[in-house]
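# turn this into a structure:
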Amino acid sequence: MIGGSRYFGRRLIEELREDGAAVTVLNRGSTPAPPGVTHLRADRDDEEALRTALAGRRFDAVIDQVCYTPRQAAVAARVFAPLTDRYLLTSTVEVYAELGRPGGPALPESAFDPATHPVNLELPWTEGEFLEARYGEGKRQAEALLTREAAFDLVTVRTAHVLGGADFTGRLAHYVERIERGLPVAVHAAPQPASFVHAPEIARFLAWAAAGEFTGPVNAAAHGTLDARELCAAIGRTVGAEPVLVAGAGEAPSPFSFAHAYPMDTARAAALGFRFSSVADWLPRAVQEVRA
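Model prediction:
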């Protein structure tokens, strides 16, 4: 596994080990690996360092948690070609941003076709502000490059907005803290629905997908969507406080308040044999995890 999201990376390692896998984690060394796994250190942007760290090894599957740009995808395509037959890119719901429409149907994998999406390796992908503002586009182009150039079987797991777990981004905590304290939460005048997934469940799905034989894009999301108002109401019920919402007051909308709708269709995952839970089943628990 390359990297390891603080959201669900450790949970994924636990899932893999429970399935009997021998796990190797590769990162820059700033985050220690859990006991019982092989820990390799290299900067994934340094192709020669990556080759050196992986020399002499072979993997049944590679799960890449930190591929954000087509440049990184190009390096992965070259380095892992002789090392694995199966590669999972952890992608994102943001590849669908602005493709949905209010009241429209949930978006299937075919809504975004990486085989036809343009790739530009010359853009300043190493500049932090540039990349942060183009997170979804970076993932689109990473998918596109690997789809065209990878010699291994490719799976792109398009992950919904993750809730629960470590919540290192602070997005769910933003809502929980403000609602508990009676502070206003800024939302769009007409916030649109989005898809979410619980951190433990996306870890289970990635471990399951790594052992599979299917290829191509696959959506990973809980059943049911929430817009920002519905999310606030659900949090309010859990913490026992009435949300105070403000819209159009000149303040930037809170995270998870979206002007465009892009709910995800998970029919393909179900057809392959994985059935996601409903967001209502675990959201109260995710809120309590943040409070704890």
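# what's the strand or helix carrying W282 in contact with?
Assigned by DSSP states H and E, W282 falls within helix 279-291. Helix 279-291 is touched from outside by 163-165, 167, 172-173, 176, 180, 196, 198-199, 201, 222-226, 234-235, 237-239, with contacts defined as C-beta atoms under 8 Å, 6 or more residues apart in numbering. C-beta coordinates here come from the backbone N, C-alpha and C atoms, glycine included.
# can you say which of those are buried?
163-165, 167, 172, 176, 180, 196, 198-199, 201, 222, 224-226, 234-235, 238-239 (16 or more other C-beta atoms under 10 Å).
# next, check those residues against the helices and list the overlap.
Members of the buried ones among the contacts of helix 279-291 lying in helices (criterion: DSSP state H): L172, V176, E180, A199, E201, A234, I235, T238, V239.
# isn't the second one up against G240?
No. Applying C-beta atoms under 8 Å as the test, V176 and G240 come out as separate, 11.9 Å apart.
# give me phi/psi at the most centrally placed residue in the chain?
In the chain, the residue lying closest to the centroid (C-alpha atoms, centre = their mean) is T159, at 4.1 Å. Reported as degrees, to the nearest 10, the phi and psi values for T159 are phi -90, psi 130.
# ok, now which ones touch A74?
Per C-beta under 8 Å, 6+ apart, neighbours of A74: L121, L145, E149.
# can you pull out the helices in the stretch 51-200 of the chain?
Along the stretch 51-200 of the chain, counting by DSSP state H, counting those that start in this stretch, helices occupy 70-80, 128-133, 135-149, 171-181, 199-210.
# so can I have a markdown table of these showing distance to E18 and mean pLDDT?
Shown next, in a markdown table, are the helices of the stretch 51-200 of the chain (distance: least, C-beta to C-beta, whole Å; pLDDT from 0 to 100):
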| stretch | distance to E18 | mean pLDDT |
| --- | --- | --- |
| helix 70-80 | 25 | 98 |
| helix 128-133 | 34 | 94 |
| helix 135-149 | 28 | 98 |
| helix 171-181 | 26 | 95 |
| helix 199-210 | 8 | 96 |
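# can you redo those as a markdown table with distance to R28?
Shown next, in a markdown table, are those (distance: least, C-beta to C-beta, whole Å):
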| stretch | distance to R28 |
| --- | --- |
| helix 70-80 | 13 |
| helix 128-133 | 16 |
| helix 135-149 | 19 |
| helix 171-181 | 24 |
| helix 199-210 | 21 |
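# among these, which is nearest G273?
helix 199-210 (8.2 Å; C-beta to C-beta).
# what residues of the closest one count as buried?
Within helix 199-210, judged by 16+ other C-beta under 10 Å, the buried ones are A199, P200, E201, I202, A203, R204, F205, L206, A207, A209, A210.
# may I have the predicted confidence score for P32?
On pLDDT, P32 comes in at 80.
# number the chain from 726, please
Sure thing, new numbering starts at 726, so read that last one as P757.
# could you look up the SS state of it?
Here P757 is recorded as coil under DSSP: H, G, I helix; E, B strand; the rest coil.
# nearest residue to it other than its sequence neighbours?
H764 (7.5 Å; C-beta to C-beta, 6 or more residues apart in numbering).
# the one you found sits in which helix or strand?
Going by DSSP H and E, H764 is in strand 763-766.
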